[in-house]
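S.K.: sequence isn't available, so here's the structure alone:
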């Protein structure tokens, strides 16, 4: 009986080993292990949408990239083509935080340019949603643009600018032929190029405007990054009210005092109306960010109170707004 029992155990062990061997392929990988659905990535991941931005040097690649960045795309400039699939994989693991990636590919990375076709084929196999934008311009326009900035063409070497342009056209000919969107910027200015990119990638949503409302003190100088500046020094200064002097414009006591003064509420209402008009024009011209500076003498009371109230007003009107106080606490 003992011999029969040992023989039966040996048979079961041998059968189990054969079953395990059959469950693996020639490389030793477990063929029964769960694999992600083709094109969907691993469980819990979402493959991001991808846009390749390429084209002639001087045709506006940087402007196109900045436009997509303003529309919420994650933009990578001059990424070697061989690393594009890696970038997409990293985006897929970001738990949805990087849903759209734009990659600028140009002849600055010419040592890696031959790898682009292989990378795009790899992305196709993974069913990655991909579009290619190619920026084009006439030879005359490109020569004029390079001469205006007094920079050589990246491919001209010891030759002329036109030699570099010709070499680049030859290098990019196949990519241009496969592009989903070709934009000729010969007769376009920056705003018109942004409008074309918006029309293709912004969808039906109006381009978003983001505002920074910044309080400051004139005695510390004007903010160098301000697009618009308003002066609150026409209002009485809470600094000269002993019980208010220790506080800032963020305190209710100071804010109430400021907006009880003649002209304060009217100023806020009129300025907010003016900003609505300006914001509409900024959107039409492709401007996405605006810094509004509100100043008083020291940047502690009046400008802070008005900035806080203006920031809340803009947020209520649908403008993404950040309020910062540059000089509060410096006295």
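M.R.: Noted; the coordinates are in hand. Quantities reported herein were computed from a predicted structural model and do not represent experimental measurements.

S.K.: which residues in the stretch 151-300 of the chain form strands?
M.R.: 181-184, 210-217, 228-231, 289-296 (DSSP state E, counting those that start in this stretch).

S.K.: mean pLDDT lowest where, among these?
M.R.: Note on the strands of the stretch 151-300 of the chain: strand 181-184 shows the lowest mean pLDDT, a mean of 88.

S.K.: for it, name the packing helices and strands.
M.R.: Judged by 3 or more Cβ pairs under 8 Å, 6 or more residues apart in numbering; DSSP states H and E, strand 181-184 is in contact with strand 130-136, helix 190-201. All C-beta atoms are positioned from the backbone trio N, CA, C, and that covers glycine.

S.K.: rerun at 10 Å
M.R.: Applying 3 or more Cβ pairs under 10 Å, 6 or more residues apart in numbering; DSSP states H and E, we find strand 181-184 packed against strand 49-55, strand 130-136, helix 190-201.

S.K.: the second one packs against which elements?
M.R.: I take that to be strand 130-136. Applying 3+ Cβ pairs under 10 Å, 6+ apart, one finds that strand 130-136 makes contact with strand 49-55, helix 61-70, strand 100-104, helix 115-125, helix 161-178, strand 181-184, helix 190-201.

S.K.: tell me how far the most centrally placed residue in the chain lies from residue 165.
M.R.: Closest to where the C-alpha atoms of the chain average out (Cα atoms, centre = their mean) is residue 69, at 2.6 Å. Distance of residue 69 to residue 165, given as Cβ to Cβ, to the nearest Å: 27 Å.

S.K.: in a strand, residue 75, correct?
M.R.: Yes. Applying DSSP: H, G, I helix; E, B strand; the rest coil, one finds residue 75 inside a strand.

S.K.: in this structure residue 201 contacts residue 75, no?
M.R.: No. If you go by Cβ atoms under 10 Å, residue 201 and residue 75 don't touch, sitting 12.0 Å apart.

S.K.: which residues are common contacts for these two?
M.R.: 51, 64, 67, 68, 100, 102 (Cβ atoms under 10 Å, 6 or more residues apart in numbering).

S.K.: quick check: of the residues you listed, which lies closest to residue 303?
M.R.: residue 67 (33.1 Å; Cβ to Cβ).

S.K.: how about the contacts made by that closest one?
M.R.: By Cβ under 10 Å, 6+ apart, the neighbours of residue 67 are 53, 60, 73, 75, 102, 190, 193-198, 200-202, 207, 286, 288.

S.K.: out of the strands of the stretch 151-300 of the chain, which is closest to residue 169?
M.R.: Closest of the strands of the stretch 151-300 of the chain to residue 169 is strand 181-184, at 13.1 Å (criterion: Cβ to Cβ).
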